[in-house]
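>>> Whatever this is, show me its structure:
(one chain, ligands or ions: 1)
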Amino acid sequence: MDHERKNRPLTSRHLLGLEGLAAEEIKTILDASEAMKEILDRPIKKVPTLRGVTVVNLFFEASTRTRISFELAEKRLSADLVNFTKIGSSVSKGETLLDTARNIEAMRVEVVVIRHQSPGAPGFLADRLHSVVINAGDGAHEHPTQALLDMLTLRQKFGDLKGLRVAILGDISHSRVAMSNVYGLKAMGAEVMLCGPPTLMPRNIDALGVKVSYKVDEAIAWADALNVLRLQLERQQSALLPSLREYALTFGITLQRLGKAKRTPVILHPGPINRGVEIESAVADSDASVILDQVTNGVAVRMAVLVLLSAPEVLM
Ligand code: CP
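Next comes the predicted model:
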């Protein structure tokens with residue numbers, strides 16, 4: 001990987017995760033995202049910035065928000081794009097990830113956006129392809145553009161991330177969103193609390209430098225913002241909870257539970273939501289919720305990342 005930063009606003013030529021990114025780099029992406037938001041508010045939401053750049057969206061795992069958000073970001077920037085989904089591809093005939101990616105790259109693709117169930121798949125490709133690689137979520141490892149859009153939403157709401165108290169609730173050990181948020185928020189000077197059942201907390205939690213709580217009421221009372229996570233049942237290898245009903249009763253965010261706190265924190269959720277499990281509909285649709293603002297910000301963040309990595313001179 002190229003770590004030279006000459007003539008580039010970001011250290012790496014790929015975005016594989018937020019671990020190790022400096023506050024200055026995250027601020028550069030968030031500031032560029034604000035500039036992209038201005039484009040999205042115009043009557044004609046399209047600029048020629050990435051004309052001539054070809055992007056492939058390689059999605060080996062299900063997605064609604066991230067896939068459509070990247071696709072819209074590419075279209076708004078006038079890039080040429082192709083979409084790959086595992087279903088219907090030659091993966092079913094035994095083709096490997098690397099062969100798939102190399103064959104697509106041979107068609108003169110410059111940027112690879114990849115979502116994959118295996119942690120490290122984007123880094124594996126970044127080491128072997130000529131293209132810029134952007135991680136759109138790899139197993140339980142990282143989901144950097146999700147955390148960036150979460151941080152952009154929080155910055156818009158609170159003005160500054162420094163000193164902000166953010167609690168991340170739920171299935172921490174299977175969550176790439178939690179990991180990217182921890183790295184990003186800590187780099188920006190926020191305080192982070194992880195809260196959930198002990199069976200859904202990672203073993204190395206002390207190394208993350210965060211507060212830990214197993215009581216949701218404690219997290220609600222402490223936090224300026226709560227990022228509520230979905231139970232990632234597809235990544236759980238064994239029964240880690242007695243039942244979804246029990247989880248909803250113990251950890252589900254309800255209006256009644258929020259009402260016990262002195263003030264209501266801002267509510268985030270990366271989606272997809274399991275209404276009535278980790279969050280009650282009345283909370284997800286309440287004035288405290290910024291869930292749809294997160295989705296709107298996702299397009300701007302992905303535009304910013306695409307420009308910063310493939311046409312940085314535009315923003316320098
Ligand atoms: N937040 C998120 O990654 O959603 P999708 O799985 O729908 O892309």
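>>> what about the nearest residue to Tyr214 once chain neighbours are set aside, how many residues close to it?
Nearest residue to Tyr214, sequence neighbours excluded (Cβ to Cβ, 6 or more residues apart in numbering): Pro198, at 6.0 Å. The way it works is simple: take the backbone N, C-alpha and C, and place the C-beta from them, glycine included. Close neighbours of Pro198, defined as other Cβ atoms under 10 Å, add up to 9.
>>> Next: Ala187.
With other Cβ under 10 Å as criterion, Ala187 counts 20.
>>> Would you mind measuring from the closest residue to it other than its chain neighbours to Gly189?
Nearest non-adjacent residue to Ala187, counting by Cβ to Cβ, 6+ apart: Ala23, 4.9 Å away. Note on Ala23: its distance to Gly189, by Cβ to Cβ, to the nearest Å, is 7 Å.
>>> and what of Arg155?
Taking Cβ to Cβ, one finds Arg155 at 12 Å from Gly189.
>>> more crowded one of these two?
Arg155 (19 against 12).
>>> The more buried one - that's part of a helix, no?
Yes - Arg155 sits within a helix when classified using DSSP: H, G, I helix; E, B strand; the rest coil.
>>> wouldn't it be in contact with Leu30 here?
Yes - assessed by Cβ atoms under 8 Å, Arg155 is found in contact with Leu30 at 6.1 Å.
>>> Output the set of residues of the stretch 201-316 of the chain in proximity to the ligand.
Applying Cβ under 6 Å from any ligand atom, one finds that the stretch 201-316 of the chain approaches the ligand through Pro270, Gly271, Pro272.
>>> need the contact list for the last one.
With contact taken as Cβ atoms under 8 Å, 6 or more residues apart in numbering, Pro272 is in contact with Thr64, Arg65, Arg230.
>>> can you tell me which of the residues you listed are in strands?
Among these, no residue falls in strands (DSSP state E).
>>> secondary structure element for Ala136?
In this assignment (DSSP states H and E), Ala136 forms part of strand 132-138.
>>> helix/strand/coil for Ile267?
strand.
>>> Which strand residues bridge it?
Leu226, Ser289 (DSSP bridges).
>>> Tell me the predicted confidence for it.
Looking at Ile267, its pLDDT stands at 98.
>>> from memory it sits against Leu226, does it?
Yes - using Cβ under 8 Å, Ile267 is in contact with Leu226, at 5.6 Å.
>>> ok, the two, which is more surrounded?
Legend: neighbour count by other Cβ under 10 Å for Ile267 and Leu226, higher for Leu226 (28 against 21).
>>> how close does the more buried one sit to Ile279?
Separation of Leu226 from Ile279 (Cβ to Cβ): 9 Å.
>>> just Gly170 next, same as before
Gly170 is 9 Å from Ile279, by Cβ to Cβ.
>>> more crowded one of these two?
Between Gly170 and Ile279, Gly170 has the larger neighbour count (other Cβ under 10 Å), namely 30 against 27.
>>> Who are the contact partners of the more buried one?
Cys195, Gly196, Leu200, Val228, Leu229, Arg230, Leu231, Phe251, Glu278.
>>> again, only using 7 Å
Gly196, Leu200, Val228, Leu229, Leu231, Phe251, Glu278 (Cβ atoms under 7 Å, 6 or more residues apart in numbering).
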